[in-house]
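[1] task: produce atomic coordinates for the following.
(one chain, ligands or ions: 1)
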Amino acid sequence: MTGAGRGLGRAAARRLAGDGAALVLADIDPATVRDAEDEICRLGGVAQAVHADVADQGACQRVVDTALESFGGADILVNVANYPVPPARAEEVDLEHWHKSFAAGPLAMFMLARAVFPHMRSAGGGRIVNFGSELSENPRPERVVYAASKGAVRALTKALAREWGAYNIHVNTIWQMNWPPATRRSLRRCRPGGVLSLRPRQRLGHRPDDRG
Ligand SMILES: NC(=O)c1ccc[n+]([C@@H]2O[C@H](COP(=O)([O-])OP(=O)(O)OC[C@H]3O[C@@H](n4cnc5c(N)ncnc54)[C@H](O)[C@@H]3O)[C@@H](O)[C@H]2O)c1
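    Predicted coordinates:
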């Protein structure tokens, strides 16, 4: 699990640990990921923290090697980590954010997926879950880099699913909908009709749903 130090990654890690998974928790923030490891172990789960920047190919390999050495395999890969792109109008975006967003987003997901692939294939299958975003489908103003990066996550996921389905490796994206208050306020400004009108079930997600 990448991006496991806080937020949704940490919540999903807690949930998977509760379901009996032994977890490698990877995050660029060493303090939060160690804290996540402590929390899961205190709750009776099995977890090992790895301080890793997933934009780095060597670090991705280290994450997978840790799973193999500590737990003897890599059955599930959950790619949550995301570079926090500051909102900016397209004409003002600093190109550095494009590079960082793609490096820690779709490229990192690909590097990790490729590192687990031979082990999943020889084990007879596996699961890869990539955290995407609704913005890949409905971009908002000032989120061009994030929307493009999550669009790449979506295409990457479908491409891998097509290639690796034959090996019983399922590759999916999750678009979580548990928007924090600031996101809801910004959505209200962009869509005065309200975001609920866009939802088939007229509701937003919440943490238990999103962990599931
Ligand atoms: N929170 C939302 O409203 C929302 C909505 C749609 C999609 N998402 C997606 O869900 C995922 C989790 O969202 P969140 O709000 O919990 O994010 P968050 O920013 O709270 O947490 C992201 C985690 O990733 C880690 N991280 C960042 N760069 C990294 C790197 N290079 N290497 C390793 N770790 C790195 C951070 O340290 C952090 O622990 C993200 O992919 C995000 O794009 C979130």
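[2] where does the chain have low pLDDT?
    177-212 (pLDDT under 70).
[3] list the contacts for the residue of the chain found nearest the ligand?
    The ligand sits closest to residue 7 of the chain, with a gap of 2.3 Å, by CB to the nearest ligand atom. (Each C-beta comes from the backbone N, C-alpha and C, glycine too.) Contact partners of residue 7, counting by CB atoms under 8 Å, 6 or more residues apart in numbering, are residue 80.
[4] now do the one 3 residues further on
    The contact partners of residue 10, taken as CB under 8 Å, 6+ apart, are 4, 32, 36.
[5] now it: which helix or strand?
    helix 7-18 (DSSP states H and E).
[6] please state the offset of the helix or strand just after that helix from the chain centre?
    Counting by DSSP H and E, the next helix or strand C-terminal to helix 7-18 is strand 22-27. Between the centre of strand 22-27 and the centre of its host chain there is 13 Å, according to CA atoms, centre = their mean, to the nearest Å.
[7] same question for stretch 32-46.
    Worked out by CA atoms, centre = their mean, stretch 32-46 lies 19 Å from the chain centre.
[8] what's the answer for stretch 6-16, then?
    The answer for stretch 6-16 is 10 Å, by CA atoms, centre = their mean.
[9] can you give me the buried ones in it?
    Buried residues in stretch 6-16, defined by neighbour count with 16 or more other CB atoms under 10 Å: 8-14, 16.
[10] again, but for stretch 107-122
    107-113, 115-117, 119-120.
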